[in-house]
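Enquirer: below: sequence and its predicted model.
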Amino acid sequence: MIAKGVEGEGVPVGPHADAVATMAAWRPDDRGQESLRQAYLGFLAARPDACERSCEAGHITASALVFDAAGEHILLTLHPRVGKWLQLGGHCEPYDKTLAGAALREAREESGIPNLRIDPVPVHVDVHPITCSLGLPTRHFDVRFAVRAPDGAIPVRSNESLDLRWWPVDALPEDADGTAGIDAMLAVLR
């Protein structure tokens, strides 16, 4: 799908087109992250269905590292399938126009917090094996974004979580770094 930009130029719209544009524009400082960025671009070039959960080879997901207004706490969910504390996030939907938009939508749905603000530049990427909604082993090519909650935000646990709570940035639960790579994300933001 192509939409008209401000200057009348064609601008790609949709999670796949935006994933390509986002990964092409992003320049991480870390060599490992740069290597993964290149792998994401190759995967996206090879798979027009890369943002669809039906893509059995793996699919692009979007997640949000949600900080409180002061930046002192991170909101984590106790994921029922993984059994670990993770950042909020999930699958792209066909109606998502951007990866950042998908991450923001997931953060709102999973936290119940309105008026979240997202930085549309990724902070981290990670590929991890998982058995998700297909019921088959697959991989998530996760693109992570930093999100800020408004002052006084009170999260409301959704049915997608066993628990949901704010954790001090310097006192995360022991299992928070597993699949999520939260320490790696925080290192990029410091």
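Expert: Okay, I see it.

Enquirer: quick one: mean pLDDT for stretch 92-105?
Expert: The average pLDDT for stretch 92-105 rounds to 96.

Enquirer: after the longest strand seen in the chain, next one along is what?
Expert: Ranked by residue count under DSSP state E, the longest strand found in the chain is strand 137-148. Using DSSP states H and E, the helix or strand that follows strand 137-148 towards the C-terminus is strand 163-168.

Enquirer: list the neighbouring strands of that following strand plus their orientation.
Expert: In the sheet, strand 163-168 lines up against strand 73-78 (antiparallel) (DSSP bridges).

Enquirer: sorry, back to before: so for the longest strand of the chain, mean pLDDT?
Expert: For strand 137-148, the mean confidence score works out to 94.

Enquirer: same question for stretch 22-37.
Expert: 96.

Enquirer: repeat that for stretch 45-58.
Expert: Rounded mean pLDDT across stretch 45-58 is 93.

Enquirer: list the buried ones in that stretch?
Expert: Within stretch 45-58, the residues that count as buried by 16 or more other CB atoms under 10 Å are 47, 50-53, 55, 58. Bear in mind the C-beta positions are built from the backbone N, C-alpha and C, glycine included.

Enquirer: next one: stretch 158-169
Expert: Those would be 161, 164, 166, 169, for stretch 158-169 by 16+ other CB under 10 Å.

Enquirer: distance of the second one from residue 157?
Expert: It refers to residue 164. 4 Å (CB to CB, to the nearest Å).

Enquirer: and the buried residues of stretch 158-169, which is closest to residue 125?
Expert: Nearest to residue 125 among the buried residues of stretch 158-169 is residue 169, at 20.8 Å by CB to CB.

Enquirer: returning to what we had before: mutual contacts of residue 164 and residue 157, please.
Expert: residue 77 (CB atoms under 8 Å, 6 or more residues apart in numbering).

Enquirer: re the thing from before, and which of the buried residues of stretch 158-169 is nearest residue 107?
Expert: Closest to residue 107, out of all of these and judged by CB to CB, is residue 164, at 11.3 Å.

Enquirer: quote the end-to-end distance of stretch 119-132.
Expert: 27 Å (CA to CA, to the nearest Å).

Enquirer: buried set for that stretch?
Expert: Neighbour counts using 16+ other CB under 10 Å place 122-126, 130, 132 of stretch 119-132 among the buried residues.

Enquirer: what does stretch 31-40 give?
Expert: 33, 36-37, 40.

Enquirer: tell me what the residue nearest to residue 162 when sequence neighbours are not counted is bridged to.
Expert: Once flanking residues are discounted, residue 162 sits nearest to residue 78: 4.2 Å by CB to CB, 6 or more residues apart in numbering. With DSSP bridges as the criterion, residue 78 is bridged to residue 85, residue 163.
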